[in-house]
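Novice: next come a sequence and a model predicted from it.
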Amino acid sequence: MMERVITLVDKLAKSHVLSREEFSFLLDNIGEEDSYLYEKAREAALANYGNKIYVRGLMEFTNYCKNDCYYCGIRRSNQKASRYRLSPEQIMECCSIGYGLGFRTFVLQGGEDPWFTDEKIAYLVERMKKQYPDCAVTLSVGEKGYDTYKRWFDAGADRYLLRHETANPCHYASLHPPQMSSEYRKECLHNLKAIGYQTGCGIMAGLPYQTTAHIAEDLDFMHGLQPEMVGIGPFIPHHDTPFKDRPAPDPSAAGHCTAHAAGCASACHHGSGDHRAGWKGTGRDGRGQCGNAKSVAHGSEKKVHALRQ
């Protein structure tokens, strides 16, 4: 068994893809050989973007959300969440502070807040790019139509983060209300790629009802999408959601998924290694955790959150 594990890790490192059955076998049997997998993943990471840490200025600018995802602390039905939204001036103040600290990428991340219309987001992007032309702007504000994504891209947005959560439609349906669909989420990601965004997708490891077959399907989907960024982090049960009593996953689960994704990394399109390039490794799930976020510009507190890539 261990011989096959090593053989498959070598195959992944060389060809950057496995069949779903092979991915499933690795996930189920990696065990004591995980150091070899991590070694190969590290080699792939170094080959793609070198021995660097990319620092992002992450602004959780609203935790209002119209959606009702079962795992998320800022879901619409959570009446206990302490809601906030930053004003445009507060957002620009965060950019000013971050720029002075050396940040050259700003990320606007939040729930799908109807108050922030397409026009308001476009205005913010245009203002940020005009004031900081040497900075990249990343958006992470959920599902939108092609025309809206195109409008924001034309306004100057460089990247877009949209975790697909799970590529399996049945699994997706067990995590979201009926009005949301896996197919539309995937359509959004393909639209972002077609428009020209540097696009990020990703999953949570240890989700309720998740199997290794689901994760294998996710890895297969990510390989087909060829994203510039992938975010993989652990499912953390939130105390005010329907999944509050679900167990937290083994911490190694996210690490194994990330190592598999890194094995696929060389097959994806990367930049020159500047602040616009790179894969995101194990990251935080903004939608899942920003229910506990604090305003980054409130009264005497002025904070800029850094996302290390």
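Specialist: Cool, got the structure. Residues are numbered from 1 along each chain as shown.
Novice: which stretches of the stretch 101-250 of the chain form strands?
Specialist: Ranges of strands in the stretch 101-250 of the chain, per DSSP state E, counting those that start in this stretch, are 105-110, 136-140, 159-161, 198-205, 229-234.
Novice: which one of the ones you listed lies closest to Cys69?
Specialist: When these are ranked by distance to Cys69, counting by Cβ to Cβ, first place goes to strand 198-205 at 11.0 Å. For every residue, glycine as well, the C-beta is placed using N, CA and C.
Novice: starting at the chain centroid, how far to that closest one?
Specialist: On the basis of Cα atoms, centre = their mean, to the nearest Å, strand 198-205 sits 4 Å off its chain's mean C-alpha point.
Novice: and what of stretch 39-59?
Specialist: In terms of Cα atoms, centre = their mean, the centre of stretch 39-59 is found 15 Å from the chain centre.
Novice: so can I have TSV of the strands of the stretch 101-250 of the chain showing mean neighbour count, distance to Asn48 and mean pLDDT?
Specialist: As requested, the strands of the stretch 101-250 of the chain are arranged in TSV below (neighbours: other Cβ atoms under 10 Å; distance: least, Cβ to Cβ, whole Å; pLDDT from 0 to 100):
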stretch	mean neighbour count	distance to Asn48	mean pLDDT
strand 105-110	24	18	98
strand 136-140	22	18	98
strand 159-161	25	16	98
strand 198-205	24	14	96
strand 229-234	25	12	92
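Novice: okay if I get those as a markdown table plus distance to Ala81?
Specialist: Listed next are the strands of the stretch 101-250 of the chain as a markdown table, based on distance: least, Cβ to Cβ, whole Å:
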| stretch | distance to Ala81 |
| --- | --- |
| strand 105-110 | 13 |
| strand 136-140 | 18 |
| strand 159-161 | 21 |
| strand 198-205 | 19 |
| strand 229-234 | 20 |
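Novice: among those strands, which comes closest to Pro178?
Specialist: Set against Pro178 and scored by Cβ to Cβ, these come closest in strand 198-205, at 20.6 Å.
Novice: what comes into contact with the closest one?
Specialist: The contact list for strand 198-205 (Cβ atoms under 8 Å, 6 or more residues apart in numbering) reads 71, 158-166, 189, 192-193, 215, 218, 221-222, 225, 227-235, 249, 253-254, 256-257, 271, 276, 280, 283, 285, 288.
Novice: any idea which of the strands of the stretch 101-250 of the chain gets closest to Gln179?
Specialist: Using Cβ to Cβ, the nearest of these to Gln179 is strand 105-110, at 19.9 Å.
Novice: please identify the pairing partners of the closest one and their relative orientation?
Specialist: Strand 105-110 has the following strand partners under DSSP bridges: strand 55-62 (parallel), strand 136-140 (parallel).
Novice: only C-alpha atoms, please: export that strand in PDB.
Specialist: Output of strand 105-110 as PDB, limited to C-alpha atoms (Å, rounded to 0.1, in the frame of the first residue of the first chain):
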ATOM      1  CA  THR A 105      -2.600  44.300  -2.800                       C
ATOM      2  CA  PHE A 106      -6.000  45.300  -1.300                       C
ATOM      3  CA  VAL A 107      -8.700  42.700  -0.900                       C
ATOM      4  CA  LEU A 108     -12.400  43.800  -0.500                       C
ATOM      5  CA  GLN A 109     -14.100  40.800   1.100                       C
ATOM      6  CA  GLY A 110     -17.500  40.500   2.700                       C
END
